[in-house]
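**Q** what follows is a predicted protein model with its sequence.
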Amino acid sequence: MTEFFTNHPVLAAVIGLLVLASAFGAMLGYASIRFKVEGNPIVDQIDNLLPQTQCGQCGHPGCRPYAEAIANGDDINKCPPGGESTMEALAELMGRDPMPLDADLEDIGVKKVAYIREDECIGCTKCIQACPVDAIVGATKLMHTVIAKECTGCDLCVEPCPVDCIDMLPVETTIKNWSWPVPEGPNARFSTQVFATDGGQA
Amino acid sequence: MRKTWDFHGGIHPEENKHQSTQFPIVDAPLPNKVILPLQQHIGAPAEPVVLVGEKVKTGQLIAKADGFISANIHASISGTVVAIEDHAIPHASGMTDECIIIESDGQDEWVELEPLADWESASVDQLLNKIASAGIVGMGGAGFPTAVKARTRERHSIDTLVINAAECEPYITSDDMAMRTYPEQVITGAKILCQLVDPSSCLIGIEDNKPEAIKALQDAAKGTHIEVVVIPTKYPSGGEKQLIQILTGREVPSGGLPADIGVVCQNVGTTIAIYKAITQGEPLISRVTTLTGNAFNRRQNFTVRLGTPINELLELGDFDQKAASRLLMGGPMMGFSLQGDELPVVKTTNCLLAPTHDEFPDPELENPCIRCGMCEQACPAELLPQQLHWFAKAQEFEKAQLFNLFDCIECGACAFVCPSHIPLVQYYRYAKAEIRREDEEAKKAERAKIRFEQRQARLEREEAEKAAKRKARMAASAKPKTAPAATAASATSSAPALDEAEQKKLKIQRAAAAVALKKADKALAEGKEANADNLAEPEQAQQQAQQKLNDIDSKLGTAKPSASSAAAPANSQVSEEREKALKQAKIAAAASKAAIKKAEKALATAQEAGDEAEIKAKEADLATAKANADKAADKLKALQSAPAPSATATAPTTDNSAALAEQQKAEHEKALKQAKIAAAASKAAIKKAEKALVTAQEAGDEADIKAKEEAVATAKANAEKAADKLKALQDTPPSAAPSAAAGNAAALAQQTEQQKAEQEKALKQAKIAAAASKAAIKKAEKALTAAQESGDASEIQNCEQALTTAKGKAEAAANKLADLQQQANATEAKPAADTNAKTSSSAPSEEDTAAKGKALKQAKIILAATRTALKKAEKALAEAEQSGDADAISEQQQTLARCQKKFADAEQKMAELTGDEQGNNTVSKGNEADTASV
Amino acid sequence: MAFIRVSSPHLHRPLSTHQVMRYVILATLPGLAALTWIFGWGSLINVILASAFGLVFEALVLMARKRNPVPALKDNSALLTCVLLGLALPPLAPFWLVLTGSFVAIVIAKQLYGGLGNNPFNPAMVAYALLLISFPVEMTQWVMPAEMLNGNTVSLSASLQAVFTGHQQVADAFTMATPLDGFKHKGELMADEYWRLDAFAAEKVWGGWAFASVGFMVGGLFLLWKKIFTWHIPVAMLGSLTLLSAMFYGSDPSNYASPMVHLFSGATMLGAFFIATDPVTAATSNKGKLWFGAGIGVLIYVIRTWGNYPDAVAFSVLLMNFAAPFIDYYTQPRSFGHKKARKGIKHDA
C-alpha cells in the first residue's frame, strides 16, 4: 500500500484529495441538514431594510414581494423612496455592488405626503381603495382626508382620483422638525478663495 | 463648610458679568403689544381659550395646558387679542409658530389674584395645582413644566432638593440680580418646594463669583434648614447633572432623571415664580432678563413682561445697531442667534446679548481637526467629542450613538477650546436630529408594514366571505324565485362589495403591470441607445408587459360594469343618482370658477404685456368662462332646490310611476351634467388653443399662428355645439318632470326623452373624442413646427407622420360623430313607434342603461388617462427636441407612438361600449315582455 | 448688524491651530540655540533649509490638488514639521539630504494622506527614518562639539561649503559618531572601560548632548505650562525609559548605559516633548496617552540596547503611531452617567 503510493505520487495525491473532498462534502451535507434554518430569513432582513411605503414603484405589489424578488436575484436599485441609503444597505446585506438608483433624480430623497383638496373631493372612495396602508379615511360621497402621519407618500392614490384632487406635497420643514444643517467642513476654507476647489469631495 | 465634588473638564471663559450688575433691576415700560407663543415650554403647545377681538386683563388665562406635559399661558398685559396666528418666535431656526398677539390698552388692569394665603398648611395637591395653573416652567433655559417636575415624588423617593443658582454662563446676571434683590422670595419659594418634595436636605448651589447674592441668601436662609453651598466658578457647573454631582457627588445615570438618584433640581428663577404664584397668586407673566453686551449702551437687568417684542427692549437698552455683531438670546455658550428683532421675550429668556465685533468676531472658518484632544479635556460629560465629530461627519450615526452622543448636553465647552474652530456642537445637533429622524422613519416604516399586512389580511378575509356568499346566492337563485326582493337586497349588499375587492386587486396588479411596462420600455430604449444586438429580449418583455397591462385593463373594464350591474333597489339608486348629480354639478361649478380665475389671470398677464388682440381674446374668454360658471351655478341651484327623492322613495310600492319619473329625471340630469362637463372641457380646449396661439404669436411663426387660429376656431365651434346641446337638455326637463306623475302616457314620453338623452350622451362622447383628436392634431402640428425650426429632417418626417395619423384619427372621430348624429335623428323618430310596445315596466331596462352609463364613464376615465399619458409623451418629446439629443428624441417618439396606440385602443373600447349600449338597448327592449312578467 | 445664524457656543478661546503651532516652534528655540552653541551653524542651516523646502513643497502640492495654498501655509503646520526635521538631522548634512527629507515629510507623509490632521504617521519622523535607512553614512556622522575643536565651532562659511558642495573632507574633519553610536559599537569593552577610553572626548561629547537635551526640555516645559499638550505622553515616555534603563543598569552596570545617558543623549528629549506629543498621530485619551508614551519609552530602550540602530526615537514613535488607533479603541473614558467605560465598539451594547 505505502509502496504503491510512493511509487505513484501523482495518483496518491489525487486519491488523497478525493478522500478529503468527500469527507468535507459529507460534513457540509450533514451540517446543512442538521442546522437547517426554517423559513427564509434573508427575505425578512431585506424587508426590514425597505421603507415599507408599499408604493409598487419597484414593479412588485408591496415591499415584501420586492424583498422576495431581491432574494431571488432581482436588482437592488428599484426602490426610489428608500433612496441611496437603502440601496447601499441592500448592497451590503446581499454582498452585491451598489448600483445607481433606477429613478428620476428629483424623485429621490424628497419625502412627500398626499393631500386631498377637500373642496374638490367627490367622495368616490377610489383613493381609499388604492391606499396600501389605509391612510385615507372617508366614506362614499363624503369628503376624504389623508392621515398625514400614516401616509407613506407612495403616490398610489393620485392616479385613481377621477377629479385629480390629490396632490403629493413635499413634507414641509416646520419649527418642530427643523434641525441644524451639517457644517460645511474644513474644506470650505479652500473654496472661499480664488482657486478652484474640489471642496467636500476630498 | 459642606463637602463639594468636582466634575470632569469644564472651562473658564471670561465672565463679563460686572457690566450688567452695576444697576439694580428696573421694571421695563409696558409694551405696546405682546406676542405670546403657545409653546414656550417642553411638551405639547397650549390650547388657546380666547378669541380674536376678546378683551383680556393682565394675568388672565389665554391658553390652557394641553396634556400632561404642557403649561398655561397668561395675558401679560391688559388689552385686546388682535390675532392668533403664526409669528416668528425665538428659535434657532428663525421660523414661525402659533402665537397669541395682544394689543395693550395701556391700563395694565389685572384680574383678581387668588393667593394661597396659608400655604404652610396647604396640601400638596393644592400647591401643585396652583403652580400648574400659574404656568410656571423651568426658567433656566429648557422650560420643563415645573409642576410635572415637582410631582416626581409620586414615583421616586427624593432626599435632596437642589436649587440651581450657579448661573455659570458668562454675561448673564438675571439670577444673580434677582437673588440680590429678592433673597426672601428665593428662600420662601425653596420652602414651598421643600413642602412639595419633602427632601431631607435643600441645597442652593451658587458659584463663588456672586458674593453679594451669596451674602443676601445666607442672611435670608438663617434659621431654616436651607443651605447655601458656594461652589467654585467653572463652566458648566450650572448644568443640572454637573451641579448635582458637585453638590452630592452622585451622577445622574445616562438617559435617566435626577429623580432616579433621589434629587430634584429647580432653577432659582423658578423658585421666585413659585413664590409669586403661591403667596400672591400671580401667574408667570414677567421675568428678569439681562440686557448686556457692548452693543447695548445701557447694560442692566429688567423685569420684562413676557411677550414683549425684542425691538422694544433694544430701544430700552439703547442698542447700537452698527456696533453689534449679532443678537443672541441666552448666554454666549448655549444661547442662540436671533434671525430678527420682531421676536417676543418668552418664559426662558434669561438674557439678550448684543456683543460687538470685538467681543464676538464673526465665526472663523473650520480648520481640519488636529486631534489635539483639548475637547476631551474640556468635556464635562467625559465624552470623546473628537470621535463624535468624526462620526457625525461621516454620517456614522450608529457609532456616534455607541459613543454616547445622547449624553452630550451641548454645553459648547469642546467647541470653545477647539483650536481648529470646528463647530462641534452643530455637528452633534445635526447628528442627533438625523438619528431622531431615522428612528422616526423606522417606526413609521414598521407601522406602515403592519398596516399593509393587516389590510392584506382583511382583503383576503373579505374575499373569502364574498365567495361564500356568492355560492350561497347561486344556490338560492337555483331555487324558484319566491322572494325576488330579498334576493335583490342581498345581492346589492354583497355583489358590489365583492366586485370592489376584485377591482382593487386588479388595480394593484395594474399598477404593478404599468410599472413593469415602463421599466420594459426604458430597458428597450436603453438597449436601443446602446445599439445592443439582443433587442429581442427587452422587446419581448415590453410586449409581454403591455399585453399583461391590456389584459388587466380589460378585466378591470369588465369588472367595473359587472359590479355596477348588480341591481340596487330602485329608490336608493335614485337618491344616489341624484346626489351624484349634485356633486357633479358642484364640481362643474368649481371647475368653471377655476376657469374664470384662470381666464382673469391670463387677461391680467395679457394686459401687462399690452397686446390688444390678446387682451380682447382673453376678455372674450373670460366672458365665456363667466357665462359657463353662471350656468353651472344655475344648475346647481336647480338640483339643490329639486325635491329630495327620498320622500318619493319611501313609498315606492304605492306609486311606482312616481319613482320611475324621479329616476328618469335623475337620468336626465346626469345627461345634463355630462353635457356641462363637455361644455367645460371644450372651453378648456379653447383656452388651451388660445394660449398656444399666443405663444405662437410670440414666436412669430406665421404658419403656426394660422394653424393655431384654426385650432381655436374649431375648439370654439366645438364649444358652441356643446353649449347648444346643454341648452337643449336644460330646456327639456321642465316638460318631462312634471308630467311624470301624470301617468302612463307621460311615462312613455319620458322614455323617449331618455333614449334621446342616451343618444346624446353617445354623441357627446364622440364629440369629445373628436375634440381630443383635434387637440392631438394641434400638438402634432406644434411638434412639426418645432422640428422645422430645429431643421432636423428625420424629425420633421416623424412629426409629419404623427400629424397624418392624428388627422386620420380626427377624421374617424368626426365620421363617428356624424354617424351618431344620424342615429340620434333616427331614434327620435323611433320612440313614437316604440311607445305602444312599452308598458309601465321599464324600470329594469332603465337600470341597465344606468349600469352601462357607468361602464362608459369608466371607459372614459381610461381614455382620459391615456390621453394624459399621450400629452405627457408629447411634452417629453418636445423637451427632448429642444435639448437636441437624438437618442432621447427617438426614445420619446417611440413612447409617443405607444401612447397613441394605447389611446386608439381606449377610443376603440369606448366606441365599442357606446355601440354596445345601443345594442343592449335594443336587447333590453326585446326582453321587456319577459321582465314585465316577472 | 446682520442677523446671522451661528450655532452656539459663540465664545471661543483665542487659541487657534496656527497659534498652537507657533508656540511649539517657539519652544524649539532653546534647543536650537543650544545645538548651535555647541555644534555650530549646522543645525540652524538645517532648520532654515528644511523650512524653506517644506513650505515650497506644501504650496506646490496644494496647488496640484487645486486648492489655495494660503490658508494651509498660514497654519504653520508645515513649518513645524520641517523645523523638527531640521533639528533631528545631523548638522552639516548635505543640502540634498534636507531636500529629500522635506519632500518625504511634506509630500509623502503629510499631503498624500490628505494634509493636516489626516496623516497617520509623524511626517518628520517618517522622513528621518527614510533618510536613516537610505543614507546611513550621512545620517550617523555628527559634528564634534565646539570644545573638542578647541572652543571654535565650524565657521559659517565652512559649514555652508560642507552643506552645499558636499565637500566630504570638510565634513569628515569635523564629524564623529554620536555617544550612543559609540557606546553601541564599544565591542567587548565594559561600560566603564569605554568611558575611560577617551575620557576627555566622552565628557565633552556627553556634556554637549546633555546641554542640548536640557534646551529641548526647557521648551517642552514651556509648552506644558501653556497647556499646549498634557503631561501624559512625555512623563510616560521618560518614565518608562528611565525605569527600564535603571533596571538593567542596576543589574549590570558594566554592560548597560545609565539612565542619564539614555535621557540626556540622542533625541530623547526632542522626542518626548516635540515628536511624541504631535497630537495628530498620538493617542487621544489621557489613559491612551500614557500607554502611547510608555510604549515609545520601552521601544526606544529596546532598540537602543539590542537593536541595530544607535538611536531609536524615530522608529519607536512610528511604531507607536501604528498602535495609536488601537490604543484609542481600548482606552475610551467612562462617560458621565455610565457605569463602565466602553471597550471598543460593541454592537450589542
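**A** Arrived safely, thanks for sending.

**Q** hey, let's count contacts and neighbours off CA atoms from now on
**A** Fine.

**Q** okay, domains of chain A per the record?
**A** Annotated domains of chain A cover A:2-34, A:41-105, A:111-173 [automatic domain parsing].

**Q** could these go into TSV alongside distance to residue C:337?
**A** Formatted as TSV, the domains of chain A follow (distance: least, C-alpha to C-alpha, whole Å):
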stretch	distance to residue C:337
domain A:2-34	46
domain A:41-105	33
domain A:111-173	34
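
**Q** export those to TSV and append columns for distance to chain B and mean pLDDT.
**A** Below are these laid out as TSV (distance: least, C-alpha to the nearest C-alpha, whole Å; pLDDT from 0 to 100):
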stretch	distance to chain B	mean pLDDT
domain A:2-34	32	91
domain A:41-105	5	84
domain A:111-173	5	86
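
**Q** can I get those domains in JSON lines with mean neighbour count and distance to residue B:114?
**A** As requested, the domains of chain A are exported to JSON lines (neighbours: other C-alpha atoms under 10 Å in any protein chain shown; distance: least, C-alpha to C-alpha, whole Å):
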{"stretch": "domain A:2-34", "mean neighbour count": "11", "distance to residue B:114": "78"}
{"stretch": "domain A:41-105", "mean neighbour count": "19", "distance to residue B:114": "55"}
{"stretch": "domain A:111-173", "mean neighbour count": "19", "distance to residue B:114": "42"}
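
**Q** switch those over to TSV; also include distance to chain C.
**A** Below are these laid out as TSV (distance: least, C-alpha to the nearest C-alpha, whole Å):
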stretch	distance to chain C
domain A:2-34	27
domain A:41-105	16
domain A:111-173	17
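
**Q** now do the SS call for the residue nearest to residue C:334 when sequence neighbours are not counted.
**A** Leaving out its chain neighbours, the residue that sits closest to residue C:334 by C-alpha to C-alpha, 6 or more residues apart in numbering or on different chains is residue C:341, at 3.8 Å. Using DSSP: H, G, I helix; E, B strand; the rest coil, the structure places residue C:341 in coil.

**Q** likewise for residue A:65?
**A** helix.

**Q** cool, and residue B:91?
**A** Secondary structure, three-state DSSP: residue B:91 is coil.

**Q** any idea how far it is from residue B:173?
**A** Separation of residue B:91 from residue B:173 (C-alpha to C-alpha, to the nearest Å): 22 Å.

**Q** those two: which has the busier surroundings?
**A** When residue B:91 and residue B:173 are compared for neighbours, residue B:173 comes out ahead with 29 against 17, by other C-alpha atoms under 10 Å in any protein chain shown.

**Q** elements contacting the longest helix belonging to chain C?
**A** Secondary structure of chain C per DSSP state H: the longest helix is helix C:199-225. Packing partners of helix C:199-225 (3 or more C-alpha pairs under 8 Å, 6 or more residues apart in numbering or on different chains; DSSP states H and E): helix C:17-27, helix C:29-39, helix C:179-184, helix C:259-264, helix C:268-270.

**Q** now it against helix C:17-27, angle please.
**A** 150 degrees (axes from the mean of the first three to the mean of the last three C-alpha atoms, to 10 degrees).

**Q** report the angle between the helix or strand that helix C:199-225 is followed by and helix C:199-225.
**A** Per DSSP states H and E, helix C:199-225 leads on to helix C:232-251 as the next helix or strand towards the C-terminus. When the same axes, to 10 degrees is applied, the directions of helix C:232-251 and helix C:199-225 differ by 150 degrees.

**Q** and helix C:232-251, average pLDDT?
**A** Predicted confidence along helix C:232-251 averages 94 (mean pLDDT).

**Q** check whether it comes near chain B.
**A** No: figure legend: helix C:232-251 not in contact with chain B (C-alpha under 8 Å from any C-alpha of the partner chain); closest approach 12.0 Å.

**Q** that's a helix at residue B:301, yeah?
**A** No: counting by three-state DSSP, one finds residue B:301 to be strand, located in no helix.

**Q** pretty sure it is touching residue B:20, no?
**A** Yes: look at residue B:301 against residue B:20 with C-alpha atoms under 8 Å: they come within range, at 6.6 Å.

**Q** what about those two, which has more around it?
**A** residue B:301 (31 against 22).

**Q** near chain C, which residues of the stretch 201-350 of chain B are found?
**A** So far as C-alpha under 8 Å from any C-alpha goes, the stretch 201-350 of chain B lies against chain C at B:251-254, B:321-327, B:332-340.
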